[in-house]
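Novice: Need coordinates for the below:
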Amino acid sequence: MGAAAVSRVVLSRPAGVRPPADGPLWAWVLPVLIRVLTCAAAGVVIAVWARVSGADRTRDWLLLWDARWYAQIAESGYPAGILIAPNGDLLVGTEFAFFPLFPALASALAWLTGTPATWACLLLALAASLLLGPASYAVARAEGAGRPAALLAVGLLGALPMSVIHVAGYAESLFTLLGLLALRAAQRRRWAAVAVLWVVENGEAPRPGPAALRWGEPPGGLRTRRGAWRAWPGTPPE
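Specialist: Residues are numbered from 1 along each chain as shown. Sure, this is the predicted structure:
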């Protein structure tokens, strides 16, 4: 069996078959609660890390490296150009390495709430991190997982090493959320939504093509509205 056939078996769902609808408790409350617990655990890891490293405050670790650049862009925008020293060092223009979606949203949040840009970046990252719970739960349920298994998927997402970054002022939680929303749209075969989310996602990090589109349909072709399989032109027979 070829790779396309395997993908077709794993990813395709018979037409008209949908998982039973879940109430707010299962679809929202419990996934968010699990994310709160996993984010708290990640915060403890950061606090211990900050203490061992000798940092004055845990907040300093939550707003390190990329988070400071995002906050600077959210507060002051991008520079007018770049400046390179004779030895090749970049003196002005490092901000252009960071895409505008996350700092733009953080800037809007700072303006609405009156908080500093650094805190706005942190609050935005935490909000996106909490929403990862319902999003990952919905994706798991749409793939046929039962309620306990879908909640386990939410917990496993928080067990990944990168979950530590999800509670810092980084854009990773927002990027992961957009990716999950695109996957959910692909599961529902809402291709226009997939395309829109891909465009939005490229404002946070560059992506060569809609990953959810490649995930939601096997690489050898696409499925028509009636569920019949149609191969891409030039696709060799399996």
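Novice: Could you use CA atoms for every contact and neighbour count after this?
Specialist: Will do.
Novice: Next, name the residue at the spatial heart of this structure.
Specialist: Within the chain, one residue has its C-alpha closest to the average C-alpha position: by Cα atoms, centre = their mean, that is Thr176, at 1.0 Å.
Novice: Got the phi and psi for that residue?
Specialist: The main-chain torsion angles of Thr176 are listed as degrees, to the nearest 10 and equal phi -60, psi -40.
Novice: Going forward, count from 57.
Specialist: All set: I'll call the first residue 57, so the last point we hit is now Thr232.
Novice: quick one: pLDDT of it?
Specialist: Thr232 is assigned a pLDDT of 92 by the prediction.
Novice: contacting residues around it?
Specialist: Taking Cα atoms under 8 Å, 6 or more residues apart in numbering, we find Thr232 in contact with Leu188.
Novice: Now for the closest residue in space to Asp122 that isn't next to it in sequence, how many residues are close by?
Specialist: In space, Asp122 comes closest to Tyr226 once its chain neighbours are excluded; the distance is 6.4 Å by Cα to Cα, 6 or more residues apart in numbering. Neighbours of Tyr226 under the rule other Cα atoms under 10 Å: 27.
Novice: any idea how far Ala77 is from Tyr226?
Specialist: Here Tyr226 is placed at a distance of 33 Å from Ala77 (Cα to Cα, to the nearest Å).
Novice: so which strand or helix has the closest residue to Arg197 other than its chain neighbours?
Specialist: Taking Cα to Cα, 6+ apart, and ignoring the residues beside it in sequence, Arg197 has Ala206 as its nearest neighbour in space, at 6.0 Å. For Ala206, the element it lies in under DSSP states H and E is helix 203-215.
Novice: And that helix, how far out from the chain middle?
Specialist: Mean C-alpha position of helix 203-215 versus that of the full chain (Cα atoms, centre = their mean, to the nearest Å) differs by 16 Å.
Novice: buried set for that helix?
Specialist: Residues of helix 203-215 classed as buried under the neighbour-count rule (16 or more other Cα atoms under 10 Å) are Arg203, Ala206, Leu207, Leu208, Ala209, Val210, Gly211, Leu213, Gly214.
Novice: Now do the contacts for the last one.
Specialist: Under the criterion of Cα under 8 Å, 6+ apart, the contact partners of Gly214 comprise Arg91, Thr94, Cys95.
Novice: what ranges do the strands span in the protein?
Specialist: Shown for the chain, the strands assigned by DSSP state E span residues 139-140, 146-148, 277-279, 285-287.
Novice: sorry, back to before: does the residue nearest to Asp122 touch Trp125 like I think?
Specialist: No. The pair Tyr226 / Trp125 is not scored as a contact, 9.6 Å apart, by Cα atoms under 8 Å.
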